[in-house]
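Novice: I'd like to go over a predicted model; first the sequence, then the structure.
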Amino acid sequence: MASTLIIIPTYNEIENISNIIPKIFNCLSNCHVLVVDDNSPDGTSRSVKELIKNCEENIFIIDRLNKTGLGDAYIDGFRWALEKKYDYIFEMDADFSHDPASLPFMLEKLKEKEADVIIGSRYKDGVNVVNWPLSRILLSYFASLYVRLITRMPVKDPTAGFVGYSREVLNSLDLNKIKFIGYAFQIEMKYKSWINGFKLVEYPIIFKNRTRGTSKMDQSIILEAFIGVIRLRFFDRNTK
């Protein structure tokens, strides 16, 4: 069995999913892909199952009944990965904002023990974002500064969603205690990995805004992150 799993959460990503999976295999042939679909009404799950028919040993799917958030989808994927004993577990979006070409380089950092958590970072070397409106760039960049100020975590892109974990990191966390579902989920995973003593390393990527489908970001996700950071820093510091 492959030692590396790429987890892709989906909701209405039929325009992207059948293209991103082959691209992943082109860039990282010896891996498996797990799609966690939140009962997409556009038929995303059916599209994945068509791919599985042609490549059944490398692609898997979890069909969830309800859309309960990004964090919940990833937690289900993490549990599946740990049960199947993968050594390296990545999370990435389906919309090509995360370039699969970065996967081999990020994986190498984990395999060589240079990192326990490897973060595809938009802000490690300046601001590397393409086709985002200025308002979105400023929101994301200053949110990252806010997180660093409150948590003291030495990560320039704490809300990044292109992340690889070693098995040891996920095993160290009580996944039942991961509370948040949006950007705050990404912060929480990194923060709890960091306070558990694992090494977080940022790998510079160029983040491209989606060209197909619609963003799932809304005001509730932003508010959760704003409040969640304070909760993590001052109330949950000793909670794995």
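Specialist: Received it, and whenever you're ready, just let me know what you need.
Novice: which stretches of the chain form strands?
Specialist: Applying DSSP state E to the chain gives strands spanning 4-10, 32-37, 59-63, 88-91, 117-121, 129-130, 163-166, 200-204, 207-208.
Novice: hey, least reliable of those strands by pLDDT?
Specialist: In terms of average pLDDT, strand 129-130 trails the rest of those, at a mean of 84.
Novice: report the buried residues of the longest helix belonging to the chain.
Specialist: Ranked by residue count and defined by DSSP state H, the top helix of the chain is helix 134-151. Using 16 or more other Cβ atoms under 10 Å as the test for burial, helix 134-151 gives S140, Y141, A143, S144, V147, R148, I150, T151. Quick note: C-beta positions are derived from backbone N, CA and C, even for glycine.
Novice: returning to that earlier point: turn the strands of the chain into a markdown table, columns for mean neighbour count.
Specialist: Putting the strands of the chain into a markdown table (neighbours: other Cβ atoms under 10 Å) gives the following:
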| stretch | mean neighbour count |
| --- | --- |
| strand 4-10 | 25 |
| strand 32-37 | 25 |
| strand 59-63 | 17 |
| strand 88-91 | 25 |
| strand 117-121 | 25 |
| strand 129-130 | 14 |
| strand 163-166 | 25 |
| strand 200-204 | 19 |
| strand 207-208 | 20 |
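Novice: how about the ones you listed, which one is nearest I230?
Specialist: strand 200-204 (20.5 Å; Cβ to Cβ).
Novice: so the closest one versus strand 117-121, what angle?
Specialist: Strand 200-204 and strand 117-121 meet at an angle of 30 degrees, taking axes from the mean of the first three to the mean of the last three Cα atoms, to 10 degrees as the criterion.
Novice: can you list the strands that strand 200-204 pairs with?
Specialist: The pairing partners recorded for strand 200-204 under DSSP bridges are strand 117-121 (parallel).
Novice: and the strand it pairs with with helix 134-151, angle?
Specialist: Using the same axes, to 10 degrees, strand 117-121 lies at 150 degrees relative to helix 134-151.
Novice: with just CA atoms, put strand 117-121 into CSV.
Specialist: Below are the C-alpha coordinates for strand 117-121, written out as CSV (Å, rounded to 0.1, in the frame of the first residue of the first chain):
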residue,chain,number,x,y,z
VAL,A,117,4.1,19.3,9.6
ILE,A,118,4.8,20.8,6.2
ILE,A,119,2.7,23.9,5.3
GLY,A,120,2.2,25.1,1.7
SER,A,121,2.7,28.8,2.5
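Novice: elements contacting the longest helix of the chain?
Specialist: On a contact count with 3 or more Cβ pairs under 8 Å, 6 or more residues apart in numbering; DSSP states H and E, helix 134-151 meets helix 183-195, helix 219-234.
Novice: what does it contact?
Specialist: 122-123, 127, 129, 132, 153-159, 183, 187, 191, 222, 225-226, 229-230, 232-233 (Cβ atoms under 8 Å, 6 or more residues apart in numbering).
Novice: try 7 Å
Specialist: 123, 127, 129, 156-159, 187, 191, 225, 229-230, 232-233 (Cβ atoms under 7 Å, 6 or more residues apart in numbering).
Novice: quick one: least confident of those?
Specialist: Scoring the contacts of helix 134-151 by pLDDT puts A225 last, at 61.
Novice: on that earlier part again, next, format the buried residues of helix 134-151 as CSV and append distance to I75 and pLDDT.
Specialist: Below are the buried residues of helix 134-151 laid out as CSV (distance: Cβ to Cβ, whole Å; pLDDT from 0 to 100):
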residue, distance to I75, pLDDT
S140, 23, 81
Y141, 27, 83
A143, 22, 83
S144, 23, 85
V147, 21, 87
R148, 25, 88
I150, 24, 90
T151, 21, 89
